[in-house]
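In: sharing a model prediction with you, sequence too.
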Amino acid sequence: MTSHNLLSDQQLLDLIQEDDRAAFTVIYNRYWEKMLLIAWNHTKDKFLAEDIVHEVFMALWKEKNNFRIVNVGGFLSTKVKFVIFKHYRKQHRRERLAGMNLNFSELSMDEEKLDALFLKEYINGVVEHLPEKCKLVFRYSREAGMKNAEIAEQMNISEKGVEAHLTRALKVIRHSLEASGLLLIISCEISKYYK
């Protein structure tokens, strides 16, 4: 186990994929406190936070061969936030079901709306950190629905400049989704319904 402590996260993940429990223990010891803090900050409930962190690490072990993780800390923290989001979604759904009689299709539609909202809020957070011009071009395009020529005229830049800013914004968003593991998590969640 001591030798495992000297390994990088990526080396440990490779060993975990070979069912190495000692490597999993090292990853757990490296990250459980940080994940517990994230969960507690969102829930303010010690027992719920512990359950969420336990669920995330169990999922990491069970699904270890289903995907390739690039950034362990990013993946785990995103997974913790996603589990918290699912917990509150389920709690909200239970409260609504207690108050009214919903059929399955309405409930399913509700979940899709919440998933879309979660993703939209995440992307908005990424867009906030873009350079000002890039952020403005992206918002004109995606939120205001303006065409490239209209954006170019509005911002007094060329259409090629608009395209360059949009391309950059989309690359940053995609990279952020991949680095955080959110694309993997969302695709894993979606694949559960289409098996």
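Out: Yes, it's here. Keep in mind the model is a prediction, meaning the values are calculated, not measured.
In: could you list the domains of the chain?
Out: Residue ranges for the domains of the chain, per automatic domain parsing: 1-79, 115-195.
In: and of those domains, who's closest to residue 88?
Out: When these are compared by CB to CB, domain 1-79 sits nearest residue 88, at 8.8 Å. Any C-beta I mention is one placed from the backbone N, CA and C, and that applies to glycine too.
In: related to what we said a few turns ago, got the domains of the chain as JSON lines, with mean pLDDT columns?
Out: Shown next, in JSON lines, are these (pLDDT from 0 to 100):
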{"stretch": "domain 1-79", "mean pLDDT": "87"}
{"stretch": "domain 115-195", "mean pLDDT": "78"}
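In: could those be laid out in JSON lines, adding mean neighbour count and distance to residue 89?
Out: Shown next, in JSON lines, are the domains of the chain (neighbours: other CB atoms under 10 Å; distance: least, CB to CB, whole Å):
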{"stretch": "domain 1-79", "mean neighbour count": "16", "distance to residue 89": "13"}
{"stretch": "domain 115-195", "mean neighbour count": "15", "distance to residue 89": "8"}
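In: mind putting those domains into CSV with distance to residue 86?
Out: Listed next are the domains of the chain as CSV, based on distance: least, CB to CB, whole Å:
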stretch, distance to residue 86
domain 1-79, 10
domain 115-195, 9
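In: residue 46 is in contact with residue 40, isn't it?
Out: Yes: between residue 46 and residue 40 there is a contact under CB atoms under 8 Å: 6.5 Å.
In: check contacts around residue 54.
Out: With contact set as CB atoms under 8 Å, 6 or more residues apart in numbering, residue 54 has no partners.
In: next: residue 133.
Out: Residue 133 makes contact with 155, 157, 165 under the criterion CB under 8 Å, 6+ apart.
In: and it, which helix or strand is it part of?
Out: helix 132-142 (DSSP states H and E).
In: quick revisit: among the contacts of residue 133, which lie within strands?
Out: Applying DSSP state E to the contacts of residue 133, no entry is found in strands.
In: just those: which are in helices?
Out: Using DSSP state H, the subset of the contacts of residue 133 located in helices is 155, 165.
In: can you tell me which of the contacts of residue 133 is nearest residue 19?
Out: Of the contacts of residue 133, the one sitting nearest to residue 19 (CB to CB) turns out to be residue 165, at 46.5 Å.
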